[in-house]
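Student: sequence plus predicted model, see below.
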Amino acid sequence: MTHDKLSLISDSYTFSTANGFFSAGIGDTPVWFDMFCRHIPDNGGFGIMAGTAQLAESLDGLSFSAEDLDYLRERGASPDFLDYLKNFRFECDISAVPEGTPIFAGEPIVSIHGPAVQCQIIETLLLMNINHQSLIATKANRMVRAAQGRSVVEFGSRRAHGADAAFYGARAAYIGGCSATTCSSAARELGIPLFTGMNHSYIQMFDSELDAFRAYARSNPNECVLLIDTYDAINSGLPNAIKVFREELAPRGFRPKGVRIDSGDLAYLSKKIRRELNDAGFPDCDIIASNSLDEYIIRELIQHGARIDGFLCGERLVTASSDPVFSGVYKLAAIEKDGEVIPKIKLSENVSKITTPCPKHLWRLFDRENGKAMADLLTLTDEDPGATDSCELFDPDYTWKRKTVTGFVARQLLEPVFTGGKNVYRARPLADVRAYCLEQVDALWEEVLRFENPHNYYVDLSQRLWDIKYGLIDELRG
């Protein structure tokens, strides 16, 4: 979507609130906001950060057209606020966790510092970009882990919620670990490997299945994947595929890339197909499965001994249908008044909705010997756990649970995206982001990777930050 269409992609309260700040004379007040997620989809142990590149694109050059201003005027915006928007220039500092990084509930994955009016205006754009792609990247990584080294291809454009969801869903799925996409636009624009196959209607257009296979093999000898279950996978599709492999591909020096099954008992069928392909001299021909797959079905197929080499994952990936919400929220952490930084907190009877105040740094502590992630630590911006030989970690809720760790490397996770309103984000090649994601997931302990009842990875607060947070809670509750 073009920039001239993005300016009003915002919940209406962001403009009414920003207008209210401006009218009250506090629009220029320096503030700090955090974006964090409240829980991980599917009760997983972690999520995958994605969408930062699109956030940078969305905010770079953000402006308001005459039509935008006319619309806001009709909605009651004040003349001075409209004048401000007419000459809008982005001024905020934004830092974000790198794309592909495992993230955990309650920790800031994006940090924003700037004038209150601007921080409020960008809320929806920020949440929209990060929430969507992080959701799909997280789901994709679950499917990739379930596949245990077998390929997982994103196959969901037909079921995506619009063109942007298909395009950026393919991007996020690749970051999460998918090996390829069937979305031609995403493959061309983003450099994602493209998976090419055939559909049932192609086969139905010919007088016979064998004629269809012959025609397809002749026109696609390098990428020949035949869909064998249009009529009968075992008694028709597979024999016809083997015949075409022998008569059309082998004489021309090509090897078949695969056969695909899209229905039936995938585990049973794959075992029988594997035996017959091997006996026919095609042990290198992959068996690819599709049909509304998710991580649980993939895992069960493998547990039952399925001889499947790759999975095409569509609707349940691109819509994250089992838990289709990434719970990222955007909350005020501090304001500056008369040169003093004043922490701000939101209280709630729901403990998960209580925010952590102050401008913060987010650190990940890695074991120096084995490279495994030990814990994440939120600190004030003038604290550096890496400057000491040891660090005391404690549970923010059960503070008597304490542990002193040594032999660690502390890495600051929040990296600059905008500085003084200038876009300083440097996007890495998407293949590098994908490789980084898989590497960082591998740094998590196996207990955190479990689908059921994953270990609660520690996201702790420094003692100073904890003191400020619980001091505010005591003060506001009297």
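Tutor: It's in. Numbers count the residues shown, from 1 in each chain.
Student: all the strands of the stretch 251-400 of the chain, in order from the start?
Tutor: 258-261, 286-289, 310-313, 328-337, 340-343, 360-367, 373-380, 390-394 (DSSP state E, counting those that start in this stretch).
Student: now those as a markdown table including distance to residue 350?
Tutor: From N, CA and C alone the C-beta is placed, and that goes for glycine too. Below are the strands of the stretch 251-400 of the chain laid out as a markdown table (distance: least, CB to CB, whole Å):
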| stretch | distance to residue 350 |
| --- | --- |
| strand 258-261 | 46 |
| strand 286-289 | 42 |
| strand 310-313 | 34 |
| strand 328-337 | 12 |
| strand 340-343 | 20 |
| strand 360-367 | 21 |
| strand 373-380 | 20 |
| strand 390-394 | 23 |
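Student: so which of those gets nearest residue 78?
Tutor: Between residue 78 and the strands of the stretch 251-400 of the chain, the tightest spacing by CB to CB is seen for strand 328-337, at 21.8 Å.
Student: helices or strands next to the closest one in the packing?
Tutor: Using 3 or more CB pairs under 8 Å, 6 or more residues apart in numbering; DSSP states H and E, the elements in contact with strand 328-337 are strand 30-37, helix 123-147, strand 340-343.
Student: quick one, which of the ones you listed gets closest to residue 414.
Tutor: Between those, strand 30-37 lies closest to residue 414; by CB to CB that is 9.9 Å.
Student: give me the sheet partners of the closest one and which way each runs.
Tutor: Taking DSSP bridges as the criterion, strand 30-37 forms sheet pairs with strand 110-115 (antiparallel), strand 328-337 (antiparallel).
Student: and it with strand 373-380, angle?
Tutor: For strand 30-37 against strand 373-380, the angle between stretch directions is 160 degrees (axes from the mean of the first three to the mean of the last three CA atoms, to 10 degrees).
Student: off-centre distance for strand 30-37?
Tutor: Relative to the chain's own centre, strand 30-37 is displaced by 19 Å; criterion: CA atoms, centre = their mean, to the nearest Å.
Student: one more: stretch 42-62?
Tutor: 7 Å.
Student: related to what we said a few turns ago, residue 185: which of the strands paired with strand 30-37 is closest?
Tutor: Of all those, the one in closest proximity to residue 185, counting by CB to CB, is strand 328-337 (25.9 Å).
Student: residue ranges in the stretch 251-400 of the chain under the pLDDT threshold?
Tutor: Nowhere does the stretch 251-400 of the chain drop to pLDDT under 70.
Student: hey, what's the spatially closest residue to residue 30 that is not a sequence neighbour bridged with?
Tutor: Among residues not flanking residue 30 along the chain, residue 336 sits closest, at 4.0 Å (CB to CB, 6 or more residues apart in numbering). When bridges are called by DSSP bridges, residue 336 pairs up with residue 341.
Student: for residue 336, grab the count of nearby residues.
Tutor: 15 (other CB atoms under 10 Å).
Student: tell me the contacts of it?
Tutor: Listed by CB atoms under 8 Å, 6 or more residues apart in numbering, the contact partners of residue 336 are 29-31, 342.
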